[in-house]
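>>> quick one: sequence and predicted model below, then my questions.
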Amino acid sequence: MKLNELSDKEGATHSRKRLGRGIGSGSGKTAGRGVKGQKARSGVAINGFEGGQMPLYRRLPKRGFKNPNAKDFNAVSLARIQAAIDAKKLDAKATVDAEALVKAGVIRRARDGVRLLSDGELKAKLSFDVAGASKAAIEKIEKAGGSVKLPAQAEASE
């Protein structure tokens, strides 16, 4: 097969509909929009409008609360960190923080910080500098001989 022989499957592409090109074309004059009225005009945005009746999204009650100040943490399990160490992507001697995890490809981007979860086992002795960690995760890290450094306010709230 050559590059100049490449093409889509038969019927996969359609030529665009040329609107308003004479009455003989089948989509001339009103261009498939029917006759007059709001929807025949340009610039119509009536999604959710119910003809003056109270729209559904306003009839239903609001529920719950969305905290605008909520922090968005990256949850990382100990198993994923151990896998990164086994694959030689993470240096066991250096401090493990959000930046190191991004470089190792464990997380894509550091959001409001990293929170450690206790899934899996940790064999390496590591020192962590993270935004948060579950109690079980801290126990496992300390059992492996490592340490966890958390921000002051996180320690005060636990």
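Received it, and whenever you're ready, just let me know what you need.

>>> I'd say residue 106 and residue 80 touch.
Yes. Residue 106 is in contact with residue 80 according to C-beta atoms under 8 Å; the separation is 5.6 Å. C-beta: built from backbone N, CA, C; applies to glycine.

>>> the most far-flung residue of the chain relative to its centre in helix, strand or coil?
Most distant from the centre of the chain: residue 24, at 49.1 Å, with distances by C-alpha atoms, centre = their mean. The three-state label given to residue 24 by DSSP: H, G, I helix; E, B strand; the rest coil is helix.

>>> do residue 35 as well
Following three-state DSSP, residue 35 is assigned to coil.

>>> next one: residue 110
coil.

>>> state the phi and psi torsions of it.
phi -80, psi 120 (degrees, to the nearest 10).

>>> what do you get for the one 5 residues further on?
Listed backbone geometry of residue 115 is phi -120, psi 130, with angles given as degrees, to the nearest 10.

>>> doesn't residue 72 make contact with it?
No. Using C-beta under 8 Å, residue 115 makes no contact with residue 72, being 10.3 Å away.

>>> returning to that earlier point: for residue 30, see how far away the residue farthest from the centre of the chain is.
14 Å (C-beta to C-beta, to the nearest Å).

>>> what's the nearest residue to residue 84 if we skip its chain neighbours?
Closest residue to residue 84 apart from its sequence neighbours, by C-beta to C-beta, 6 or more residues apart in numbering: residue 90 at 4.1 Å.
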